[in-house]
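Student: give me the fold of what follows.
(chains A and B)
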Amino acid sequence: MSRSLSHSTLLIVTLTILVAILLVANLFVGSVAIPVQEVFNVLTGQECARESWRYIILESRIPQAVTALLAGCSLAVAGLLLQTTFNNPLAGPSILGIDTGASLGVAVVMLAGGAMVVGSGVSAFLATIVGAFVGASAVMAVILFFSTFVRNNLMLLIIGMMVGYLTSSLISLLNFFASADQVHAYTMWGMGNLSSVSLQQLPVYSVTAVCGLVIAFLLSKPLNAMLLGTRYAENLGVNISMTRNLLLLATGLLTATTTAFCGPVTFIGLSVPHIARLLLNSSNHNTLLPVTMLCGGVVLLLCNIISVLPGDNGIIPINAVTPLIGAPVIIYVIVNQKKISYFNG
Amino acid sequence: MIPTPVISAQHLDIGYRTGGEGVKCVHRNLDIALYAGELTCLLGANGAGKSTLLRTLSGSQPSLSGDVWVNGTLLKGMSRHNLSRTIGVVLTDKTAIGGLTVREVVALGRQPHTGFFGRLSAHDKVVVDQSLEACGIADKQLRYMASLSDGERQKVMIAKALAQECPIVLLDEPTAFLDIVSRIEVMSLLHRIAVEHQRAILLSTHDIEQALVLSDRLWLLSRENGLVTGVTEDLILSGGFNNLFPHTEIHFDPLHGSYYPTVQRRKTVVVECVDETLLHWTVNMLNRNGYGVSFDSETSAMPVLRVVNKQSLVWKDAGCEVALHSFDELSQFLRER
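Tutor: All right, here's what the predicted structure looks like:
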């Protein structure tokens, strides 16, 4: 017990240091080349050679790095919550259609909500978040509803995918009736972009994301009981419906706010919990939750650095980078599932 | 002294409410008494309602009518927290605990006793140690669940229920999917726990053989006769088993405590044999080949099989004698006749 504890402590410390390094590294790279010395000068509050560099670092790179960290943490933890709730290692916000639900909410606000365009003001912006939250929670509620009588997990995943398709078709329909400008704004949002959170919006995003993460951490005891299945958990005194509602709330907050701000970022929710379990070699949420959260931060910060590598040639959409890390992990896990302990019930 | 049951119910109706006013009643008028310090086995055919009864008694499914009393408290009035400290369960549900160690799973049984974050106190750790020890899996406590055999996993789940420190433990087919060695180990373990820890243990099983050996009391559940309960030996001797599976194709043999297919008696043969084991297996072969057996050697019309030992069997029929030198030869002979 103590050996595994020290292993997990070491892992958490290492990941925290890695997060710090990557967070700083994110400030040094970007589509505009800024000399390292100048970045230091800006960060330490000294004179900077060009005022535009100071602006880029403070108004763009800092919020973007923090957003990458928060989005990574949020999506990874949301994925873990879903995998435990549905007792299915292949569940995730994208697969179950939850971020499609958030997208629908955003689409309703952006496409059907009149002239509002994302980022055109705080109220429009809040409307987007609320729309995403309602959409994500609605899809999650539908899936939870089905999960009460569809016991087969594979069938439940397929129901999730079908709900996702239905949601997508509604989005297409909204696109069809929307104006060209609205469609353009929505499409840009949909490509996934970690740079769309401004310094002014950052506090709102941080607070909601941290709320979702805190709820997740408060649920680690019932989450461990849920590994045994709902009937065992119930017998251990877990209030199943309350736990499910809180999970719904946490997953909704984490997925919806991230999706509202950054667009649907794929693969983090599905793959990071697996990376965390493989590193930790345990499904115990007491350690798995922090490790998953930190891994999510590391992975998305890394993806963000990769996405700005082309330099002057622009930024690679984040959704073109995340599958490069996510998909191989999932394939690895599926191919090796007989050897991986947490897969074998 | 008449012992007081830890779980009791009179006129209990169990079943499902199927939305709206619909009710699917599985059993009516069950009278129930479960005692501490005893292993009780619930036997019955598939679909007899064993799982429904267990779910009703564990409080995870309401009864249709009638009250269940647990240690003098009304089951449906018990708080979730109180219930989790009173009745522990072992189920056949699919779990996702392959990535937990044996010790972590047993420690989950402490959840009803720990605080908000589930942190284990020194006392909790002692209870976990004792539970691991009692189930004989202390040496495996750092192994992952995924690396265990089915029998070992079942022992871990029993240790979990033990760590829960509930006076009552209900188990839904804990020996299903287990090989004979594990089945006997698990049943002996449960009997020992019932006696040594003064728990009331109720388990459903299809393993009648082991149930008759280790169960202090039996509950026989069938659609036709409802619930028949009693001390194991009483039930066997009073013919309670004849009504458990109301089919003409099988019958209960109280001597051997097992069910046998009913013989389609085409012919009868008189068997003479001194050794009981030899006699039992001779009759076994004769029955399988469609022969009924009589021990009345006065009836001259019937053929006689005299068994001296397993290398020497003599078949006498209408004056002629056939000497057989093995059961293999007897089997050939019976088939050719």
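Student: contacts, neighbours, all on C-alpha from now
Tutor: OK.
Student: which stretches of the chain have low pLDDT?
Tutor: With no chain named, the answer covers chain A. With pLDDT under 70 as the threshold, chain A has low-confidence stretches at A:1-5, A:113-122, A:151, A:345.
Student: you answered for a different chain; I wanted chain B.
Tutor: In chain B the weaker segments, taking pLDDT under 70 as the threshold, are B:1, B:20, B:297-300.
Student: ok, residue 313 - contacts?
Tutor: Picking chain A for this. Applying C-alpha atoms under 8 Å, 6 or more residues apart in numbering or on different chains, one finds that A:N313 lies in contact with A:S31.
Student: switch to chain B, that's the one I care about
Tutor: B:L313 sits next to B:305-307, B:323-326, B:330 when contact means C-alpha under 8 Å, 6+ apart.
Student: who does it form a beta bridge with?
Tutor: Bridge pairing for B:L313 (DSSP bridges) gives the partners B:V307, B:L324.
Student: and it, how far from chain A?
Tutor: B:L313 sits at a distance of 54 Å from chain A (criterion: C-alpha to the nearest C-alpha, to the nearest Å).
Student: can I get the contacts of B:L313 in TSV including neighbour count?
Tutor: Rendered in TSV, the data for those read as follows (neighbours: other C-alpha atoms under 10 Å in any protein chain shown):
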residue	neighbour count
B:L305	22
B:R306	18
B:V307	20
B:A323	15
B:L324	19
B:H325	14
B:S326	14
B:L330	21
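Student: A:S195 against A:Q64, yeah?
Tutor: Yes - taking contact to mean C-alpha atoms under 8 Å, the distance of 5.0 Å between A:S195 and A:Q64 places them in contact.
Student: neighbour-wise, which of those two wins?
Tutor: In terms of neighbours (other C-alpha atoms under 10 Å in any protein chain shown), A:Q64 is the more surrounded of A:S195 and A:Q64; the figures are 26 against 18.
Student: just to be sure, B:I201 is in a strand?
Tutor: Yes - looking at B:I201 with DSSP: H, G, I helix; E, B strand; the rest coil, it is inside a strand.
Student: tell me the contacts of the residue nearest to B:D93 when sequence neighbours are not counted?
Tutor: With sequence-adjacent residues excluded and distances taken as C-alpha to C-alpha, 6 or more residues apart in numbering or on different chains, B:D93 is closest to A:G229, at 6.9 Å. Taking C-alpha under 8 Å, 6+ apart, we find A:G229 in contact with A:87, B:93-96.
Student: quick check: phi and psi at A:G229.
Tutor: A:G229 has phi and psi values of phi 100, psi 160 when expressed as degrees, to the nearest 10.
Student: for it, give its distance to A:V238.
Tutor: Relative to A:V238, A:G229 is positioned 11 Å away (C-alpha to C-alpha, to the nearest Å).
Student: out of the contacts of B:L313, the closest to A:N41 would be?
Tutor: Closest approach to A:N41 among those (C-alpha to C-alpha): B:S326, at 100.7 Å.
Student: shouldn't that closest one be in contact with B:V307?
Tutor: No - the pair B:S326 and B:V307 fails to qualify as a contact (C-alpha under 8 Å) at a distance of 10.3 Å.
Student: how many neighbours does residue 290 have?
Tutor: Unless you meant another one, I'm taking chain A. With neighbours defined by other C-alpha under 10 Å, the count for A:P290 comes to 21.
Student: wrong one, chain B
Tutor: As a burial measure, the neighbour count of B:G290 was computed by other C-alpha under 10 Å and equals 17.
Student: same thing with the one 4 residues further on?
Tutor: The number of residues packed near B:S294 is 15, by other C-alpha under 10 Å.
Student: contacts only, for B:V293.
Tutor: B:268-271, B:283, B:286-287.
Student: 7 Å instead?
Tutor: Applying C-alpha atoms under 7 Å, 6 or more residues apart in numbering or on different chains, one finds that B:V293 lies in contact with B:268-271, B:283.
Student: so what does A:C48 have for phi and psi?
Tutor: The phi/psi pair for A:C48 (degrees, to the nearest 10) reads phi -120, psi 140.
Student: that one contacts A:V39, doesn't it?
Tutor: No - with contacts defined as C-alpha atoms under 7 Å, A:C48 does not count as touching A:V39, sitting 8.2 Å away.
Student: helices of chain B, start to end?
Tutor: Under the criterion DSSP state H, chain B carries helices at the ranges B:50-57, B:80-84, B:102-108, B:122-134, B:150-163, B:180-196, B:208-214, B:232-237, B:276-288, B:327-336.
Student: what comes up buried for stretch A:239-252?
Tutor: Residues of stretch A:239-252 classed as buried: A:243-244, A:246-252 (neighbour count, 16 or more other C-alpha atoms under 10 Å in any protein chain shown).
Student: point out the residues in the stretch 101-250 of chain B that sit beside chain A.
Tutor: The stretch 101-250 of chain B comes close to chain A at residues B:108-109, B:111-112, B:117-118, B:144, B:146, as judged by C-alpha under 7 Å from any C-alpha of the partner chain.
Student: one more time with 8 Å
Tutor: B:104, B:108-109, B:111-112, B:116-118, B:142, B:144-147 (C-alpha under 8 Å from any C-alpha of the partner chain).
Student: list of residues touching whichever helix or strand A:S271 is part of?
Tutor: Under the assignment given by DSSP states H and E, the secondary-structure element containing A:S271 is helix A:268-280. If you take C-alpha under 8 Å, 6+ apart as the criterion, helix A:268-280 is touched by A:7-8, A:11, A:72, A:75-80, A:90-95, A:283, A:288, A:291-292, A:295-296, A:299-300, A:322, A:326-327, A:329-330, A:333, A:342.
Student: stretch B:128-135 too?
Tutor: In this structure, residues lying in contact with stretch B:128-135 by C-alpha under 8 Å, 6+ apart are B:103, B:106-107, B:110, B:138, B:141, B:155-156, B:158-160, B:162-163, B:189, B:193.
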